[in-house]
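[1] Just the structure for this:
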Amino acid sequence: MFDGVEIVKICMGNRMHRTIRAGICFLIFCFAQTFGGTVIIDPGVKYQYFEGWGTSLCWWAHQEGGGSQAYLDRIADVLMDPDSGLGYSIFRYNIGGGDQPGHTDIPADRAVPGYKPTETGPYDWTADRNQRNIVAALAAKGKKINQEIIWEAFSNSPPWWMTVSGCAGGNSTCADNLKSAYFGTFADYLTEVIKHFRDSLGVTFRTVDPFNEPSAGWWCGDNKQEGCNFKKEQPRMVKELGKRLVAKGLFPITSISVADENSINTAVGGIKTYDDSSLSYISQINTHGYSGRSKTNFAAFAALATSRKKIVWMSESGPLSGTGGQDIAMFMAQNIIEDLRYMKVSAWLDWQSYAGGGTWETIRVDKNRLAIIPARRCYMQAAFGRFIRPGSQIIESNDSNTIAAVVPRTGNLVVVVRNGGTSSVNYTFDLSRVDRLPSVVRVHQYLVSAYKTLSKLPDIAISDKQFALVAPARSITSCVVPGVIDSTTTAAETVKEKHSVYRSAPAGVRLHFGGVVSNGAITPPEHATGLEIYSLQGKRLVRIPVGGNGTVNLGALFSSLPSSGVYYVKYFP
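    Okay, here's the model as predicted:
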């Protein structure tokens, strides 16, 4: 439908009111066995490229974004810093609908303001100041540490005046709540906000999701949050939104993600209802990880995304139905490993990282001392986020309590090990399939019993292409094997291998660049006369024509980029 554009896959907070409705079926898969023994790490068996870690903003940003600038900057430090923080680089901004004046069903701390409070009145671009303050602090931190941020916009409900019930919390009959005549109006609202952020705030959303748990059926006006059922006509909404993205010059830099279902199996069934026209606007499939957690559903979701040639995100996760008796850190670490191993997700996002206490919370910052107050989950998350960095590639490790990745930007091999049991486990890691090895492994460790830190342990020697590790009870251990790959070579191989795949998707080619390459070339499709390189923020960086031999020289391409990273590439006729 949109010729000349390719994609290469480099590859809600306290919602306890829904606990019973969501069910506890996802706990069935919660207890992976800890076997220990010898684990083979095989870089030759490659899986998805990983875009990064992140969180939704929404309620917590609405609550905390009115603090001092020093406080906001400290929150950004804790969330984003790859050395001392969580290493997040993906953030989901909630485009609020806004409820009808006088309604009190949605508590003030969850009532994210909308930008168009009435049908006939103008847009109010001063609205939602607190969440925008958090966006600004995160954007500034990204520039400071030279970390590209991926932004996604999402909606929980249309503005109240577009709804059947006149309420952004849902319909008391539990029916779909967007008026039939207002699909285009809602699409126009979302795209106006996206355009305003791009043009006035310098924030370009890579994707926008018009839905949140649309098929669940529980948005009945009594959930104390914005919500809108879309049990019917999701493809219609996607097409209306896609048309307006195109009309306003936002597509394909901003494309559509769907559908943020509560259950993984519901996400699989839902995407199968989308026709080719609606799929042409979609670059990414999101799911929440609250229910439907089984190996069967994981595999079905991964296979569906591959067949549709879409990026896969775990866009929202947390202990909605409890932890099945596990410590919250061990529970969430298991979810992370399962999602990366079996669902092959390219990004993993928390729901409410700053949740005001309880098991949903990952971080908190003291407003006076600006000191971090780590929740039990905080340094567990850091054990993943600091080492498996954006652009990493997940590789084979034959133990279900581990996840392994190669990080082209650093040249490191990373193995993260979870032991959720009550006794220590002995591991031997076989690195015989790794071509280049150093003499030692760097080790960092999180313990439930000492959850307020991520400790640096003494290096472990590599002997006979192996190293031994004792994983203590209820621990997460991050093992970093430095310098196992040449990032320049890896970048060249990635481009050569991946550039011609997934030509039907509309979001632009995504290539991972690890450094400058002096030889090799890309051969674009026959109709293309060159390619354009964009940052993830949507800024065009360079335009390179096809040479006389019908190729684009990789050396010229890489040398034109400001730094290593992940970029969009679009062929032009």
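[2] Only C-alpha atoms from now on, for both contacts and neighbour counts.
    Fine.
[3] Just give me the neighbour total for the spatially closest residue to A355 that is not a sequence neighbour.
    Leaving aside its sequence neighbours, A355 sits nearest to E361 (Cα to Cα, 6 or more residues apart in numbering; 4.7 Å). Neighbourhood size, E361 [other Cα atoms under 10 Å]: 23.
[4] Please report how far E361 lies from G385.
    Computed as Cα to Cα, to the nearest Å, the E361 to G385 distance reads 16 Å.
[5] re earlier: and the residue nearest to A355, how far from N94?
    For E361, the distance to N94 equals 18 Å [Cα to Cα].
[6] give me the beta-bridge partners of the residue positioned nearest the centre of the chain?
    Nearest residue to the geometric centre of the chain (Cα atoms, centre = their mean): A347, 3.7 Å. Beta bridges link A347 to G52, W313, judged by DSSP bridges.
[7] from what I can see the residue nearest to A355 touches S353, true?
    Yes: under the criterion of Cα atoms under 8 Å, E361 makes contact with S353 at 5.2 Å.
[8] does the nearest residue to T453 once chain neighbours are set aside count as helix, strand or coil?
    Computed as Cα to Cα, 6+ apart, the closest residue to T453 that is not its neighbour in sequence is Y379, at 6.1 Å. Per DSSP: H, G, I helix; E, B strand; the rest coil, the secondary structure class of Y379 is helix.
[9] ok, Y379 - contacts?
    Contact partners of Y379, counting by Cα atoms under 8 Å, 6 or more residues apart in numbering, are L86, Y446, Y451, K452, T453, L454.
[10] Quick check: it vs R543, distance?
    With Cα to Cα as the criterion, Y379 and R543 are 42 Å apart.
[11] Buried residues in stretch 262-271, which are they?
    N262, S263, I264, N265, T266, A267, V268, G270, I271 (16 or more other Cα atoms under 10 Å).
[12] Could you do stretch 423-439 as well?
    Using 16+ other Cα under 10 Å as the test for burial, stretch 423-439 gives S424, V425, Y427, F429, D430, L431, L437.
[13] out of the buried residues of stretch 262-271, which one sits closest to K243?
    When the buried residues of stretch 262-271 are compared for distance to K243 (Cα to Cα), I271 wins out at 19.2 Å.
[14] for that closest one, phi and psi?
    When read as degrees, to the nearest 10, the backbone of I271 gives phi -70, psi -20.
[15] And the strands in the stretch 51-200 of the chain, which stretches?
    Using DSSP state E, counting those that start in this stretch, the strands of the stretch 51-200 of the chain run over residues 52-56, 90-94, 150-154.
[16] same deal with the stretch 251-400 of the chain?
    So, for the stretch 251-400 of the chain - with DSSP E, counting those that start in this stretch - the strands run 255-263, 282-291, 311-316, 347-350, 392-397.
[17] wait, S439 sits on K465?
    No: if you go by Cα under 8 Å, S439 and K465 don't touch, sitting 9.2 Å apart.
[18] Any regions of this protein where pLDDT drops low?
    1-35, 486-530, 535-539, 546-573 (pLDDT under 70).
[19] care to break it down by domain?
    As assigned by automatic domain parsing, the chain contains the domains 52-316, 487-572.
[20] Quick check: V484 vs P113, distance?
    On the measure of Cα to Cα, V484 and P113 end up 49 Å apart.
[21] These two: who's more crowded?
    Taking neighbours as other Cα under 10 Å, V484 and P113 compare with P113 leading, 22 against 19.
[22] got a list of what A461 touches?
    A461 neighbours (Cα under 8 Å, 6+ apart): S439, V440, V441, F467.
[23] Now list the buried members of those residues.
    Neighbour-count burial (16+ other Cα under 10 Å) is assigned, among the contacts of A461, to V440, V441, F467.
[24] just curious, which of these is nearest to N133?
    V441 (40.5 Å).
[25] which element is the closest one on?
    strand 440-447 (DSSP states H and E).
[26] circling back: what's the distance between the residue nearest to A355 and F154?
    Applying Cα to Cα to E361 and F154 gives a distance of 21 Å.
[27] Equivalent analysis for K248, please.
    Going from K248 to F154 by Cα to Cα gives 18 Å.
[28] Settle it for me: which of these two has more neighbours?
    Legend: neighbour count by other Cα under 10 Å for K248 and F154, higher for F154 (25 against 12).
[29] Quick one: residues contacting that one.
    Counting by Cα under 8 Å, 6+ apart, F154 has contacts R92, Y93, N94, I95, V208, D209, P210, F211, N212.
[30] Specify which member of the buried ones among the contacts of A461 is nearest to D275.
    Relative to D275, the closest of those is V441; by Cα to Cα it sits at 49.3 Å.
[31] in the sheet, who's paired with that closest one?
    V441 has the following beta-bridge partners by DSSP bridges: I460.
[32] What ranges does the stretch 401-550 of the chain have for its strands?
    402-407, 412-419, 425-430, 440-447, 455-461, 466-471, 475-481, 509-513, 521-522, 530-534, 540-545.
[33] Output those strands in a markdown table, with distance to T104 appended to each entry.
    As requested, those are arranged in a markdown table below (distance: least, Cα to Cα, whole Å):
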| stretch | distance to T104 |
| --- | --- |
| strand 402-407 | 45 |
| strand 412-419 | 44 |
| strand 425-430 | 52 |
| strand 440-447 | 43 |
| strand 455-461 | 46 |
| strand 466-471 | 50 |
| strand 475-481 | 43 |
| strand 509-513 | 45 |
| strand 521-522 | 58 |
| strand 530-534 | 44 |
| strand 540-545 | 45 |
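[34] Nearest to F331, out of these?
    Comparing the strands of the stretch 401-550 of the chain under Cα to Cα, the one sitting nearest is strand 412-419, at 10.2 Å.
[35] can you list the residues that contact the closest one?
    Residues contacting strand 412-419 (Cα under 8 Å, 6+ apart): 34, 330, 333-334, 383-384, 387-388, 401-407, 425, 471-485.
[36] got it, and stretch 390-399?
    10-11, 35-36, 39-53, 89, 340, 403-409, 512, 565-566.
[37] Pull out the buried residues from the residues you listed.
    For the contacts of stretch 390-399, a burial check counting by 16+ other Cα under 10 Å picks out 10-11, 36, 39-43, 47-53, 89, 340, 403-409, 512, 565-566.
[38] V78 reaches G85, doesn't it?
    Yes: assessed by Cα under 8 Å, V78 is found in contact with G85 at 4.3 Å.
[39] Now stretch 39-58 - C-alpha only, CSV.
    Only the C-alpha atoms of stretch 39-58 are listed here, as CSV (Å, rounded to 0.1, in the frame of the first residue of the first chain):
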residue,chain,number,x,y,z
VAL,A,39,24.4,-23.9,30.4
ILE,A,40,25.6,-23.6,26.8
ILE,A,41,25.8,-20.0,25.5
ASP,A,42,25.6,-20.0,21.7
PRO,A,43,26.0,-16.7,19.8
GLY,A,44,25.4,-18.6,16.6
VAL,A,45,21.8,-19.1,17.4
LYS,A,46,20.3,-15.6,17.1
TYR,A,47,16.9,-14.3,18.1
GLN,A,48,15.3,-10.9,18.2
TYR,A,49,17.1,-7.6,18.5
PHE,A,50,16.2,-5.7,21.6
GLU,A,51,15.1,-2.1,21.5
GLY,A,52,15.2,-1.3,25.2
TRP,A,53,13.4,-1.1,28.6
GLY,A,54,10.9,1.5,29.7
THR,A,55,7.7,2.5,31.4
SER,A,56,4.4,4.1,30.8
LEU,A,57,4.0,7.6,32.3
CYS,A,58,0.3,8.3,32.8
